[in-house]
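In: quick check, what structure comes out for this input:
(chains A and B)
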Amino acid sequence: MAETVLVAGGSAPHEEHGPTGHATTTGISNEKLAMWLYLASDCLLFGGLISTFLLYKQKLPQSPGFAGVEANELGAQIFDIPFTSVSSFVLLMSSLTMVLALSALHRDDQRRTRVWLLATATLGSLFIAGQIYEFTAFYTTNLFSSAFYTLTGFHGVHVTVGIIMLMTLFLLSLKGRLPKESAERVEIIGLYWHFVDIVWVVIFAVVYLIP
Amino acid sequence: MSATDATSTEHAEPEAHEEHPAHPSDWVYVRVALILAALTAVEVFSYFHSVLDWGRVLMPALIVLMVVKFYLIAAYFMHLKFDQKVLRRAFTAGIILALSVYLIALMTFRFFGDWA
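Out: Numbers count the residues shown, from 1 in each chain, chains lettered A, B, ... in the order given. Reported below is the predicted structural model:
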């Protein structure tokens, strides 16, 4: 009986050791599973913010400061689509540099890991700079704008937190404290970064492009 | 090995215990990024009506492009295509829950018109 419990609960051949070295029976480290569950729950947060934006967008013609602006022409009349397209492209490419950083660490190529991590943080910072410009350029006060600023602002906060985590990884790597064995740490932060990119893919289409 | 042991061993092999397949090469990542950039360019062209007039297919086309981009990032950059199925299920459950909750909320506010 004791052997049965050991086999069913231990599953030693498939043990997974996370960044903290803790073994799990699912084959996935606790940290990675926790990040995925957090990302799944974050879908609800952004879903709520996007829904609120859509509801206020529908009432746009009645909002002060938007008299005569049709909801269908919102993107063309209010937002600077070419500018936001460049920002979107920058964030999209930061996902590529992030995954290349992880790939370099898997090969134990410390120099390239640092280069790609720094490139990702730089691209993220460029995106944030663009968002700050957009906030100041299109500033108006009404319910629609509040929904827009809350949605893109929350996304911006996510990107900023991501940049802080990337710079922490970069500094750890500089100090030689980011060995190949801690690749999963980079992967987990990468998951967060890619999620931020995925959310922007949705925001870019729903908020800016879809009439 | 007794019959009890054999049964226990079977139950000790959930789906999550799959081999970790190797992640794609850098070239695959670059190709995915190029596809994503091309899809974004197509999206942006929808804004310039003089370049490409989408007409009635504009909204469905933009939604399809958005979903394809979403899938490519999740599958390749987030490795969902290569990682354990339990992660894919957890994330998909979050998306489905969010979609269901907010579609119902939008219908409640008659966002899609009076048909709902």
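In: need the residue closest to the centroid of chain B.
Out: In chain B, the centroid-proximal residue (CA atoms, centre = their mean) is residue B:71; its distance is 3.5 Å.
In: could you say which helix or strand holds it?
Out: Taking DSSP states H and E as the criterion, residue B:71 maps to helix B:58-72.
In: who's in contact with residue A:198?
Out: Listed by CB atoms under 8 Å, 6 or more residues apart in numbering or on different chains, the contact set of residue A:198 reads B:70, B:73, B:74, B:78. Where C-beta positions appear, they are placed from N, C-alpha and C, glycine not excepted.
In: among these, who's most crowded?
Out: For the contacts of residue A:198, counting by other CB atoms under 10 Å in any protein chain shown, the largest number of neighbours falls to residue B:78: 27 neighbours.
In: and the pLDDT for that one?
Out: With respect to pLDDT, residue B:78 scores 97.
In: the closest residue to it other than its chain neighbours: how many residues sit nearby?
Out: Setting aside the residues directly before and after it, residue B:78 is nearest to residue A:194 in space (CB to CB, 6 or more residues apart in numbering or on different chains), at 4.7 Å. Taking other CB under 10 Å as the criterion, the count of residues near residue A:194 is 23.
In: does residue A:194 touch residue B:77 like I think?
Out: Yes - in this structure residue A:194 lies within contact range of residue B:77 using CB atoms under 8 Å: 4.7 Å.
In: now do the shared contacts for the two.
Out: Shared contacts of residue A:194 and residue B:77, counting by CB under 8 Å, 6+ apart, come down to A:95, A:98, A:99.
In: filter the residues you listed down to the ones near chain B?
Out: Checked against chain B using CB under 8 Å from any CB of the partner chain, those yield the following neighbours: A:95, A:98, A:99.
In: closest point of chain B to chain A, which residue?
Out: Closest approach of chain B to chain A (CB to the nearest CB) occurs at residue B:94, with a separation of 2.6 Å.
In: do the biggest helix by length in chain A and chain B meet?
Out: As far as residue count goes, and with DSSP state H defining each element, the longest helix of chain A is helix A:143-174. No - contact between helix A:143-174 and chain B, assessed by CB under 8 Å from any CB, is absent, since the two come no nearer than 12.8 Å.
In: okay, the residue nearest to the centre of chain B and residue B:80: tell me how far apart.
Out: Between residue B:71 and residue B:80 the computed distance is 9 Å (CB to CB, to the nearest Å).
In: the helix or strand encompassing residue A:136 packs against which elements?
Out: Element membership for residue A:136 (DSSP H and E) is helix A:110-137. In this structure, helix A:110-137 packs against helix A:81-106, helix A:143-174, helix A:183-203, with contacts taken as 3 or more CB pairs under 8 Å, 6 or more residues apart in numbering or on different chains; DSSP states H and E.
In: output the last one as CSV, restricted to C-alpha atoms.
Out: Output of helix A:183-203 as CSV, limited to C-alpha atoms (Å, rounded to 0.1, in the frame of the first residue of the first chain):
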residue,chain,number,x,y,z
ALA,A,183,16.0,29.9,-17.9
GLU,A,184,12.5,29.2,-16.6
ARG,A,185,12.6,32.5,-14.7
VAL,A,186,13.1,34.3,-18.0
GLU,A,187,10.4,32.1,-19.6
ILE,A,188,7.9,33.1,-16.9
ILE,A,189,8.6,36.8,-17.3
GLY,A,190,8.5,36.3,-21.1
LEU,A,191,5.0,34.8,-20.7
TYR,A,192,3.9,38.0,-19.0
TRP,A,193,5.5,40.1,-21.7
HIS,A,194,3.9,38.1,-24.6
PHE,A,195,0.5,38.4,-22.8
VAL,A,196,0.9,42.2,-22.7
ASP,A,197,1.5,42.0,-26.5
ILE,A,198,-1.5,39.8,-27.0
VAL,A,199,-3.7,42.2,-25.1
TRP,A,200,-2.5,45.1,-27.3
VAL,A,201,-3.3,43.0,-30.5
VAL,A,202,-6.9,42.9,-29.2
ILE,A,203,-6.9,46.6,-28.1
